[in-house]
Structure formats: C-alpha cells, structure tokens
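Student: please find the sequence and the predicted model below.
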Amino acid sequence: MAKVVVHVTMSLDGFMAGPRASVESPMGEGGLRLHEWVFNASDGGPDGEVMRELSAATRAVVLGRRTFDVGVGVWEDTPFPAPSFVVTHERRPPMPMKSATFTFVDDGLASAVRQARAVAGEGNVVVMGADVTQQALRAGLVDEIDLQLAPVLLGDGLRLFDHLGRCRVELQRIRVIESPYVTHLRYRVMTPSS
C-alpha cells in the first residue's frame, strides 16, 4: 500500500512560506530562500540524491486549494508528474495538464487520500500545503514526514505545524542527510492521537 508522506522545506523558526504569500509571490516575502537546495540539486550531491529519490517515489499528490491556486501558475503542470488531488469545497471537472491531471475532491481529505492511494500503488502519496498537512496529521493519515530544514529564520509567514489542536504525534527519526543548503530529515509517524 502507498505511504502518505509530507514533503516540505521549512525554516528553522517553523515557516514553510514567508509572509504575504499570494499568486504573485507563491513563497511569500523571502520564502524563495527556503528552496535554494532545490535550485542546487542539479549539481548532484546529497540534494540531488534527495530530489531524484522524491521524484522516483512520488506516484500521487494531495494538496489543498490554496496550494493549487498559488502553485499552478509556477508549475505550469502538476507539481510532480503524477495524478494530483486538490482538496476543495468547490465542485470542478478534472483539469488535464502535460504530465498528469488535477482532480478536485469536494468530499474531504480522507476521500482525496483514498483516491491518491488507489492510483499510487506501491509508490508514495506526497501531501503538499500547510492546511492539508495539519488536517492529515490530525486525522492520523500521515505515514512519514520528510522535512528539509533550511538554515533561515523568516520571522513570519505560514507555519507548517500550527493548528494541530490536541493532536499529539510521536515521531521516529529514520534519516538525516546534511548538505550546505539544508538538512534533510525523515521521520516515521509512530502514534497519531488526539
């Protein structure tokens, strides 16, 4: 069965985007600094290895409507060449792109994850977006957190782990890879509970 993996880059102070993220500035003010490792991944090394591994394992994506709205213009495609399921309250027809299709799921996150797992086979379902990640953690739907910790303090913006309420998640660190641009951390989710 497919693993559900949160894959995200975060600043040392917990932000996955800078302040005032919008369609015009998808990563917010100063947020592009978080992704310097991605821009340098083509040089090979540990960052390139992580990107190749991520691309090879990703077979489906679940993302929120806000992430879709700010990202689709930048990607000009699905975020990975894999079926992508957008959690939304709006009923919309599927949106075919060059590499795959965006399917808009208006009956909740659990339905989007179920559909993504069905098409992912033995690959991974990557979860994108702060709100969808928080919902998935609260619902106990996440198997792993693949966190890229950037040596940046943004001071403000969109936090990854806000709004978890009384949800307590136990993690087991299963990998650490260092590079000059980021520290790659992977955690297995052990005991999600509310």
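Tutor: Cool, got the structure.

Student: tell me the helix or strand right after the helix or strand harbouring residue 53.
Tutor: Taking DSSP states H and E as the definition, one finds residue 53 inside helix 45-57. Helices and strands here follow DSSP H and E; after helix 45-57, the next one along the chain is strand 58-64.

Student: tell me the helix or strand right after that next one.
Tutor: The helix or strand immediately downstream of strand 58-64 is helix 65-75, counting by DSSP H and E.

Student: CA atoms of the helix or strand that that next one is followed by as CSV?
Tutor: Under the assignment DSSP H and E, the closest C-terminal helix or strand after helix 65-75 is strand 84-87. As requested, the backbone C-alpha atoms of strand 84-87 are provided in CSV (Å, rounded to 0.1, in the frame of the first residue of the first chain):
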residue,chain,number,x,y,z
SER,A,84,-2.8,15.3,-8.2
PHE,A,85,-5.9,15.5,-5.9
VAL,A,86,-6.9,19.0,-4.8
VAL,A,87,-9.0,19.2,-1.6
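
Student: what's across from the residue nearest the centre of the chain in the sheet?
Tutor: When the chain is reduced to its mean C-alpha position, the nearest residue by C-alpha atoms, centre = their mean turns out to be residue 128, at 2.8 Å. On the basis of DSSP bridges, residue 128 takes part in beta bridges with residue 63.

Student: tell me the pLDDT of it.
Tutor: Confidence per residue is given as pLDDT, and for residue 128 that number is 95.

Student: list the contacts for residue 131?
Tutor: 64, 66, 163 (C-beta atoms under 8 Å, 6 or more residues apart in numbering). Heads up, the C-betas are built off the backbone N, CA and C, glycines and all.

Student: now it: which helix or strand?
Tutor: Secondary structure from DSSP H and E places residue 131 in helix 130-138.

Student: what angle sits between that helix and helix 65-75?
Tutor: With axes from the mean of the first three to the mean of the last three C-alpha atoms, to 10 degrees defining the directions, helix 130-138 sits at 130 degrees from helix 65-75.

Student: what angle do helix 130-138 and strand 58-64 make?
Tutor: Taking the same axes, to 10 degrees, helix 130-138 and strand 58-64 form an angle of 110 degrees between their directions.

Student: and the next helix or strand after helix 130-138, which strands flank it?
Tutor: Proceeding C-terminally, helix 130-138 gives way to strand 144-150 as the next helix or strand, assigned by DSSP H and E. Strand 144-150 has these partner strands in its sheet, going by DSSP bridges: strand 3-11 (parallel), strand 183-193 (antiparallel).
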